[in-house]
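> I would like the atomic coordinates for the input below:
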Amino acid sequence: MKKSKLLLAGAAVLTAVAAFAAVSVKEQIDALQKERDQLELEMHKVRIELIKSDPALTRLHQRIMAMHKELAIQVDRKPEMSKLYSKAAKLDAELEKLRKEMEKQDKEVPSK
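Just a heads-up that it's a prediction; the model follows:
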């Protein structure tokens, strides 16, 4: 009887320690993730400043952006993309139509 009570008490202590450790680990993960997110923002800011301040990086960035623009233009000219743009335009028109209809209905419903 005493052994079973002792075992139960020991199990309860271990469970409590495990639960405390789990919370502690989660808190550590959250804190580290927050720190990592802040570091990512800082890295982005430094990249921008370096590109602005270093003429060689500025020129490279300009060339990359020009290439990116040219790539987008060429991709957008493909028939597959043209079909998708057409579909998107139809969806946008339908959404706009429904939004206007909803606004009209909202105006017609008297407020209490």
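> low-scoring stretches of the chain, by residue?
Residues of the chain that meet the criterion pLDDT under 70 lie in 1-3, 5-7, 16-22, 110-112.
> can you check which helix is longest in it?
Criterion DSSP state H: the longest helix present in the chain is helix 2-53.
> I'd like the next helix or strand past that helix.
Going down the chain from helix 2-53, the next helix or strand is helix 55-76, by DSSP states H and E.
> measure the spatially most central residue of the chain to Gly10 for me?
In the chain, the centroid-proximal residue (CA atoms, centre = their mean) is Asp37; its distance is 11.6 Å. As judged by CB to CB, to the nearest Å, Asp37 and Gly10 stand 40 Å apart. C-beta coordinates here come from the backbone N, C-alpha and C atoms, glycine included.
> again with Ser82
Distance from Ser82 to Gly10, counting by CB to CB: 71 Å.
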